[in-house]
Structure formats: C-alpha cells, structure tokens
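1. Based on what follows, work out the 3D shape:
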Amino acid sequence: MPIQFAKQFFSSPLGKFLIVGGLATATQFAVLFLLVELHICSELVASGLGYGAGAVVNYLLNYYVTFNSGQSHLATLPKFVAVVGFGLSVNTLVFYIANAILPWYGLSQCVATGASLVANFLLHKFWIYRKG
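-> Take a look at the predicted model:
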C-alpha cells in the first residue's frame with residue numbers, strides 16, 4: 001500500500017513538480033556553494049546566479065516532464081520568465097534577511113528556497129502550463 005501511494009504521488013503533477021524542484025534546487029545549491037567556496041563572488045550574488053541556473057533546469061523539466069506542455073515555448077517562456085523574476089526577487093530578499101540573522105549562508109538559502117515553493121507551484125500549474 002505505501003509503495004502504491006508513492007508511485008501515484010510521484011507520478012502526479014505535484015509529485016513530479018517536487019522532484020523537478022529538487023533537481024533545480026540541487027543545481028542552485030551546487031552553483032551557490034561552488035561560487036562561494038571558490039571565492040568567485042559574494043554569497044548574495046552566488047545565490048542569485050544559482051537561482052538562475054536552477055531556473056533553466058526547472059523550466060525544461062517542468063515543460064517536458066511535469067506538465068507535458070503542448071504549448072509553444074513562445075507562449076510559456078515569457079510567463080516562466082515573469083515567475084522567475086518574482087521568484088528571484090523573493091529569493092534575494094529572503095536570503096539577504098536570513099543571511100543577516102543566521103550563522104551560515106547554506107541555511108539562509110534553505111529559508112529562501114522554502115519561501116516560494118507553494119507560490120511557484122501554483123503559478124506554474126495555473127498560469128504557465130495551464131491546459132486549455
């Protein structure tokens with residue numbers, strides 16, 4: 001029974017969205033840690049660049065896998081870019097505030113990432129990849 005539930009959940013749009021989001025988040029964190037630990041840029045800039053890299057992964061996998069969109073990229077990409085702009089703003093603001101309070105930038109990024117999960121799913125499902 002639990003295995004069947006897991007199969008059903010991870011084949012649902014929400015389950016796929018969470019998996020894709022996890023991969024995009026892993027990309028974001030990898031870029032963040034790489035840029036910060038190699039002293040390439042500040043934590044705040046690295047967070048934003050990581051968010052951008054994760055957004056590319058997010059768009060492609062959500063378009064083709066999560067929502068199996070039949071719409072053209074011309075129809076979906078501008079909406080996605082608007083959502084990414086909103087998400088980047090939320091990420092940057094929350095990261096900035098959390099990083100001033102918390103002892104480690106990785107924890108600050110966790111807080112910033114969690115801040116937009118529900119809003120991003122709803123915007124993706126009902127605006128970007130809405131059917132019909």
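2. isn't residue 32 right up against residue 47?
-> Yes: contact criterion C-beta atoms under 8 Å: residue 32 and residue 47 qualify, at 5.6 Å. Heads up, the C-betas are built off the backbone N, CA and C, glycines and all.
3. Compare neighbour counts for these two and give me the winner.
-> Using other C-beta atoms under 10 Å as the criterion, residue 32 and residue 47 rank with residue 47 on top: 29 against 26.
4. Spatially nearest residue to residue 98, not counting backbone neighbours?
-> Leaving aside its chain neighbours, residue 98 sits nearest to residue 108 (3.9 Å; criterion: C-beta to C-beta, 6 or more residues apart in numbering).
5. Please save the CA atoms from stretch 89-97 in PDB.
-> Backbone C-alpha positions of stretch 89-97 (Å, rounded to 0.1, in the frame of the first residue of the first chain) are rendered in PDB as follows:
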ATOM      1  CA  SER A  89      13.100  38.800  -6.000                       C
ATOM      2  CA  VAL A  90      11.700  36.600  -3.200                       C
ATOM      3  CA  ASN A  91      14.900  34.500  -3.100                       C
ATOM      4  CA  THR A  92      17.200  37.500  -2.900                       C
ATOM      5  CA  LEU A  93      15.100  39.400  -0.300                       C
ATOM      6  CA  VAL A  94      14.600  36.400   2.000                       C
ATOM      7  CA  PHE A  95      18.300  35.300   1.500                       C
ATOM      8  CA  TYR A  96      19.500  38.800   2.300                       C
ATOM      9  CA  ILE A  97      17.400  39.000   5.500                       C
END
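6. Check which residues of that stretch are buried.
-> Judged by neighbour count (16 or more other C-beta atoms under 10 Å), stretch 89-97 contains these buried residues: 90-92, 94-95.
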